[in-house]
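Colleague: I need the structure of the sequence given here:
(one chain, ligands or ions: 1)
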Amino acid sequence: MKQYHFAIVGATGLVGRTFLKVLEEYDLPIASLHLFASEKSKGKKILFQGKEIEVEALSPTCFQGMDFALFSAGATVSKEWAPVAEKEGAIVVDNSSCWRMDESVSLIVPEINIEDYHEKRKIIANPNCSTIQSVLPLKALDEEFHLKRVVYTTYQAVSGSGMKGIEDLRRCQKGEKNQFYPYDISQTCIPEIDVAMDNLYTKEEMKMVNETRKILHRPNLKVAATCIRVPVEVAHGVVMQCEFENEVSVERAREVLSSMEGIKVVDDLKNHIYPVSTLAKDNDFVYVGRIRKDLSCENGLILYCVGDNVRKGAAANAVQIVKKIIEGR
Ligand SMILES: NC(=O)c1ccc[n+]([C@@H]2O[C@H](COP(=O)([O-])OP(=O)(O)OC[C@H]3O[C@@H](n4cnc5c(N)ncnc54)[C@H](OP(=O)(O)O)[C@@H]3O)[C@@H](O)[C@H]2O)c1
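Modeller: Below you'll find the model as predicted:
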């Protein structure tokens, strides 16, 4: 079997370290792995498959010979360095928001639209974490009932802000003053994720709107989102209010969701069985439950899903993309 040369950019970060874990678990044919981070991490050693790998700084020639480059070092680094890796012939999977809405770049959730990847543009964008876990159930329901409109409300874990978010929650839990979020995240939910836009939505909310349309190939789909940070370390929750063209039934919704790759339906309210953050933590499934008819419109369903934002919302989705590309060769 052919072996491939891999690079991880942002290897010392939360998503970067999860890349290493997921790459080990998915057992891809790896010939070599190079780890990159900022200058300050140069020389640090990180364990992979029982061997220490030294962290390197980025350089104009550092991607020579690489087959895959997984980026999770923020949009500024991706903007500058992803084209360098692409030019060297590597397929880039980028976790930042930098390339997602670029028309030439594919935005992929592998269970839904891996065929959007085309060799002409070797940069692939990994969608926003809340979008990934939401479009999986939406895709299944859209195929069955034909989606007209969706309203998202998210409950997003602090790990979505990287290590800084986790550290601020832990700091506040110890009674110390908040340094990263504008309020004490241990005591309140914060209805602001990413920067404010002129239309009074946040950038995170507009990411969900635009990325949902692109992944589902529905440029005119009616979508709105409200994104809320909550005092949970890992796993985002999303309430989805969906309206369809066709008549809906809860039973049929459960069937189509259960048969979608990557989803587990957990839905038995009377026995307290529904998606909770702890169920999703450290695995790659999106858990869907609380499925019921929307009493406020004709063909509507309301559901709730949770997913590990660092795994399926970032590292695992990227590695699954790579796996599908390798398998397709
Ligand atoms: N956390 C999530 O749930 C999540 C989900 C989806 C997407 N993402 C995206 O993934 C990216 C990383 O997020 P994270 O949560 O892993 O953040 P993080 O924990 O803060 O890690 C950031 C990483 O980027 C590296 N880095 C920073 N500046 C660099 C530079 N100039 N050159 C090279 N490397 C540099 C850091 O290296 P040093 O250690 O040397 O500073 C570190 O490895 C972001 O774009 C984020 O939006 C995160």
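
Colleague: residues in contact with the residue nearest to Ala235 when sequence neighbours are not counted?
Modeller: Nearest non-adjacent residue to Ala235, counting by Cβ to Cβ, 6 or more residues apart in numbering: Ser277, 3.8 Å away. In this view, the C-beta of every residue, glycine as well, is placed from N, C-alpha and C. Counting by Cβ atoms under 8 Å, 6 or more residues apart in numbering, Ser277 touches 157, 232, 234-235, 237, 306.

Colleague: among those, who's most crowded?
Modeller: Neighbour tally across the contacts of Ser277 (other Cβ atoms under 10 Å): the maximum, 30 neighbours, falls on Ala235.

Colleague: please report the distance of that one from Pro137.
Modeller: Separation of Ala235 from Pro137 (Cβ to Cβ, to the nearest Å): 15 Å.

Colleague: biggest helix in the chain by residues?
Modeller: helix 129-145 (DSSP state H).

Colleague: give the buried residues for that helix.
Modeller: For helix 129-145, the neighbour count (16 or more other Cβ atoms under 10 Å) marks 129-142, 144-145 as buried.

Colleague: separation between the residue nearest to Ala235 and the ligand?
Modeller: 13 Å (Cβ to the nearest ligand atom, to the nearest Å).

Colleague: what is the neighbour count of the closest residue to Phe180 other than its chain neighbours?
Modeller: Once flanking residues are discounted, Phe180 sits nearest to Asp168: 3.8 Å by Cβ to Cβ, 6+ apart. By other Cβ under 10 Å, the residues close to Asp168 number 21.

Colleague: who's in contact with stretch 322-329?
Modeller: So stretch 322-329 is in contact with 2, 4, 26, 28-29, 68, 70, 91, 93, 110, 114, 117, going by Cβ under 8 Å, 6+ apart.

Colleague: quick one: buried ones out of these?
Modeller: 4, 28, 68, 70, 91, 93, 110, 114, 117.

Colleague: just the residues you listed that are near the ligand?
Modeller: Here nothing survives when the buried ones among the contacts of stretch 322-329 are matched to the ligand using Cβ under 6 Å from any ligand atom.

Colleague: closest to the ligand among the residues you listed?
Modeller: Leu70 (10.2 Å; Cβ to the nearest ligand atom).

Colleague: within range of the ligand, give me the residues from the stretch 151-300 of the chain.
Modeller: So the stretch 151-300 of the chain meets the ligand at 159-160, 162-163 (Cβ under 6 Å from any ligand atom).

Colleague: JSON lines for the residues you listed, including secondary structure and neighbour count?
Modeller: Formatted as JSON lines, these follow (DSSP: H, G, I helix; E, B strand; the rest coil; neighbours: other Cβ atoms under 10 Å):
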{"residue": "Ser159", "secondary structure": "helix", "neighbour count": "25"}
{"residue": "Gly160", "secondary structure": "helix", "neighbour count": "26"}
{"residue": "Gly162", "secondary structure": "coil", "neighbour count": "18"}
{"residue": "Met163", "secondary structure": "helix", "neighbour count": "14"}
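
Colleague: looking at those, spot the one nearest the ligand.
Modeller: Out of these, the member with the shortest distance to the ligand (by Cβ to the nearest ligand atom) is Gly162, at 2.9 Å.

Colleague: phi, psi of that closest one?
Modeller: phi 80, psi -170 (degrees, to the nearest 10).

Colleague: per-residue pLDDT, it?
Modeller: As predicted, Gly162 sits at a pLDDT of 93.

Colleague: and the longest helix of the chain, anywhere near the ligand?
Modeller: Yes: applying Cβ under 6 Å from any ligand atom, one finds helix 129-145 in contact with the ligand at Cys129.

Colleague: returning to that earlier point: okay, the residues of the stretch 151-300 of the chain next to the ligand in a markdown table with distance to Leu47 next?
Modeller: Output for these, formatted as a markdown table (distance: Cβ to Cβ, whole Å):
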| residue | distance to Leu47 |
| --- | --- |
| Ser159 | 21 |
| Gly160 | 25 |
| Gly162 | 21 |
| Met163 | 18 |
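
Colleague: looking at those, which is nearest Val150?
Modeller: Gly160 (20.3 Å; Cβ to Cβ).

Colleague: could you pull up the contacting residues of the closest one?
Modeller: 129-130, 193, 229, 236, 309, 313.

Colleague: same check, this time on Ala82
Modeller: Ala82 neighbours (Cβ under 8 Å, 6+ apart): 69, 71, 92, 94, 98-99, 123.

Colleague: same thing with Gly313?
Modeller: With Cβ under 8 Å, 6+ apart, Gly313 has these contacts: 128-130, 132-133, 160, 236, 307.

Colleague: grab the nearest non-local neighbour of it.
Modeller: Cys129 (2.8 Å).

Colleague: what residues are up against the one you found?
Modeller: 156, 160, 236, 307, 309-310, 313-314.

Colleague: about what we covered before: rebuild the contacts of stretch 322-329 as TSV, extending it with pLDDT.
Modeller: Shown next, in TSV, are the contacts of stretch 322-329 (pLDDT from 0 to 100):
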residue	pLDDT
Lys2	94
Tyr4	98
Tyr26	95
Leu28	95
Pro29	96
Phe68	98
Leu70	98
Ile91	98
Val93	98
Pro110	97
Ile114	96
Tyr117	96
